[in-house]
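the sequence and its predicted three-dimensional model are supplied below.
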Amino acid sequence: MRLTSFALAVMLASTAPAQAQGDDKFDGAWNVTLTCPANSADDDDARGYTHHFPAEVRKSLIRGTHKAEGQPGWHFLHGRIHEDGSATLHLDGIVNNPRYAINNAQRGKAYTYRIEAQFEATKGTGQRLTGRVCEFTFTR
């Protein structure tokens, strides 16, 4: 009986690193490109823009920032990447230039939206779910 318990403990211990590795397979430094083309809605002519910023994934949680927190032009991207690479992320931001914001939103106005994303080992893509069209690319 003791031998069987010992063998079981050794087997479980040898599988633990593989399970832990699955939880952090996306961990590391990522580069984020956010591209929002000019808005084509009939009642809104927000200009297009592209922003590049770094992000870090730790224990499958992604966090990335563009510009200084609390300042106009700031973005904070965050959320969990699931083991299959799927993710619903959030972006919190502050409007910088009203000409690039939906409905000419006032400079300094806070906003937030969700992003549906899919990650692979070295790349990923995502789309804004509400408001104007915005695309995300993620690369290592």
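Received, thanks. Here the structure is a predicted model, which is why all the values come from computation and not from measurement. Residues are numbered from 1 along each chain as shown.

run through who's touching stretch 92-101.
For stretch 92-101, contacts defined as C-beta atoms under 8 Å, 6 or more residues apart in numbering pick out 36, 46-49, 70-76, 78, 104-112. Placement of C-beta: from N, CA and C, glycine included.

any idea how far stretch 128-140 is from the middle of the chain?
Relative to the mean C-alpha coordinate of its chain, stretch 128-140 is positioned 9 Å out (C-alpha atoms, centre = their mean, to the nearest Å).

buried residues, that stretch. List them.
Using 16 or more other C-beta atoms under 10 Å as the test for burial, stretch 128-140 gives Arg128, Gly131, Arg132, Cys134, Phe136, Phe138.

could you do stretch 79-94 as well?
Buried residues in stretch 79-94 (16+ other C-beta under 10 Å): Gly79, Ile81, Ala87, Leu89, Leu91, Gly93, Ile94.

reformat those residues as a markdown table; add secondary structure.
Conversion of the buried residues of stretch 79-94 to a markdown table gives the following (DSSP: H, G, I helix; E, B strand; the rest coil):
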| residue | secondary structure |
| --- | --- |
| Gly79 | strand |
| Ile81 | strand |
| Ala87 | strand |
| Leu89 | strand |
| Leu91 | strand |
| Gly93 | strand |
| Ile94 | strand |
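
just put the residues you listed in TSV and tack on pLDDT.
Formatted as TSV, these follow (pLDDT from 0 to 100):
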residue	pLDDT
Gly79	98
Ile81	98
Ala87	98
Leu89	98
Leu91	98
Gly93	97
Ile94	98
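
closest one to Ala121 out of the residues you listed, please.
Comparing the buried residues of stretch 79-94 against Ala121 with C-beta to C-beta places Ile81 closest, at 11.7 Å.

okay, and the beta partners of that closest one?
Under DSSP bridges, the beta-bridge partners of Ile81 are Ala87.

hmm, it is touching Ala121, no?
No. Counting by C-beta atoms under 8 Å, Ile81 sits too far from Ala121 to count as a contact (11.7 Å).

ok, of the contacts of stretch 92-101, which come out buried?
Buried among the contacts of stretch 92-101 (16+ other C-beta under 10 Å): Cys36, Ala46, Tyr49, Gly73, Trp74, His75, Phe76, Ala105.
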